[in-house]
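S.K.: Okay, predicted coordinates and the sequence, questions at the end:
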Amino acid sequence: MSVLTAFGKLPTLNSATILLVGTNEIFQQQFAETILKETRDLKINIHLADSFPLPPERDHVRPRIDLIVFIINMQSKYSYSNIEASLVHVDANFFLGKVCFLATGAGRLNQISVEVNAVLKLADLYCSPVLFCELESEKIRIATAQRLLRMLRICAGHMSGISALSFSSLMKSSIDDSSFLA
């Protein structure tokens, strides 16, 4: 079983690598293009995968992954189970602030196949933030891309004074603190 390691390779100067993992290739491609359009001062490498494990024969040419984004389509149980099965192939060090879940399609409650609580429990189990968005909407896709780019800069070490782990714990505590608002 091949496990993707978090610190197996050295970082590269003025660049960052994001890995988008999900079953909907069209949304992945659109989202990757949006991320690239929103990038200004940093060279961004975007890799797409439908699941883990990644092919081991490409390990030697694969760059260091700074952020893994698991895209869960809330309208597909297959998408959720695919992500759930992929998580066992990720090194535990990635869950120290270098993983994010992106749940799409939650806005259409009458069409969802995956419970919101299931996604929240999965994110909680892996100590990772979850973002809910609609990738079909260009404005929301742009806003989500901008948010992920800020996270990517932190995860790649391009923001002084904050680490991926401290940022992740800030995200986690803000999500936990929001429960008293309900």
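M.R.: That came through, no problem. Numbers count the residues shown, from 1 in each chain.
S.K.: make it CA atoms for all contacts and neighbour counts henceforth
M.R.: OK.
S.K.: Sketch out the low-pLDDT regions of this protein for me.
M.R.: 1-13, 59-60, 109, 161, 163-182 (pLDDT under 70).
S.K.: Please enumerate the strands of this protein.
M.R.: Along the chain, counting by DSSP state E, strands occupy 15-21, 43-49, 67-73, 99-104, 130-133.
S.K.: so which of the ones you listed comes closest to residue 58?
M.R.: Closest to residue 58 of the strands of the chain is strand 43-49 (CA to CA; 12.7 Å).
S.K.: returning to that earlier point: could the strands of the chain go into CSV alongside distance to residue 29?
M.R.: Shown next, in CSV, are the strands of the chain (distance: least, CA to CA, whole Å):
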stretch, distance to residue 29
strand 15-21, 9
strand 43-49, 8
strand 67-73, 12
strand 99-104, 14
strand 130-133, 16
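S.K.: Generate a markdown table for these, with distance to residue 121 and mean neighbour count as supplementary columns.
M.R.: Compiled in a markdown table, these are given as follows (distance: least, CA to CA, whole Å; neighbours: other CA atoms under 10 Å):
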| stretch | distance to residue 121 | mean neighbour count |
| --- | --- | --- |
| strand 15-21 | 19 | 23 |
| strand 43-49 | 23 | 16 |
| strand 67-73 | 13 | 25 |
| strand 99-104 | 11 | 24 |
| strand 130-133 | 10 | 18 |
